[in-house]
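Asks: Sharing a model that was predicted from the sequence below.
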Amino acid sequence: MQFTIEQVTTPAQAALAAYVRREVFENEFRLKTPELEPACETRTLDLLARVQPRGCPAAALSVVDTSHCDDLHAQYGLPFRNGTRAARYTRLAVLKQFRRLNLPMALVCEANNRFVSVGKFAYTWLLMEPSRAESSVFCTLLGFSPHSQIVVPNYGPRIVLVRNEAAPYPIAC
């Protein structure tokens, strides 16, 4: 199965990304689709993965510049000093029929190439279920490290995964 990953720039693409998130977060997991932190919406990249050749939506991801969100970093126990260039991967959703096809890894690599590297971020981070963190593709293939603190946002216990962007990726992105 072939996929393309594109930056969300049109209302039609935004609607497809919203559909993916609604299906995963609301219909499958019975959670409210996560909102972006309003104070941190200065720079955001949204990506959409589509099945080719038909173009059906398969997955979505947002990456948000949180460099000046010191309160957010403190809320999640992140040790970033004021003004540290940091970006958060969030609202990752993959439709059920497209799971286990490495779409999260592909989306993160694409976000790294289009946003993180270009923006010269020092760290990237995300939230994940603690039981899946260490064996996840984020830790095993993308070089994220679990933070020791468990946090409890609105959708249950999560662990923060952090990646030092100065370190090489264990795989080629």
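Replies: Happy to help now that I have it.

Asks: Quick check: residue 82 vs residue 71, distance?
Replies: Using C-beta to C-beta, to the nearest Å, one gets 11 Å for the distance from residue 82 to residue 71. C-beta here means a position set from N, CA and C on the backbone, and glycine is covered the same way.

Asks: and stretch 79-91, how far from the chain's centre?
Replies: Stretch 79-91 sits 12 Å away from the centroid of its parent chain (C-alpha atoms, centre = their mean, to the nearest Å).

Asks: which parts of that stretch are buried?
Replies: 80, 84, 85, 86, 87, 88, 89, 90, 91 (16 or more other C-beta atoms under 10 Å).

Asks: Between these, which sits nearest residue 138?
Replies: residue 89 (8.5 Å; C-beta to C-beta).

Asks: The lengthiest helix in the chain packs against which elements?
Replies: Ranked by residue count under DSSP state H, the longest helix found in the chain is helix 11-21. Helix 11-21 makes packing contacts with strand 44-52, strand 56-65, strand 86-94 when contacts are defined by 3 or more C-beta pairs under 8 Å, 6 or more residues apart in numbering; DSSP states H and E.

Asks: Restricting to C-alpha, output it in CSV.
Replies: Output of helix 11-21 as CSV, limited to C-alpha atoms (Å, rounded to 0.1, in the frame of the first residue of the first chain):
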residue,chain,number,x,y,z
PRO,A,11,-10.0,23.7,3.9
ALA,A,12,-10.6,20.3,2.2
GLN,A,13,-7.4,18.9,3.6
ALA,A,14,-8.2,20.3,7.0
ALA,A,15,-11.6,18.6,6.8
LEU,A,16,-10.0,15.2,6.0
ALA,A,17,-7.6,15.6,8.9
ALA,A,18,-10.5,16.5,11.2
TYR,A,19,-12.4,13.4,9.9
VAL,A,20,-9.4,11.1,10.8
ARG,A,21,-9.1,12.6,14.3
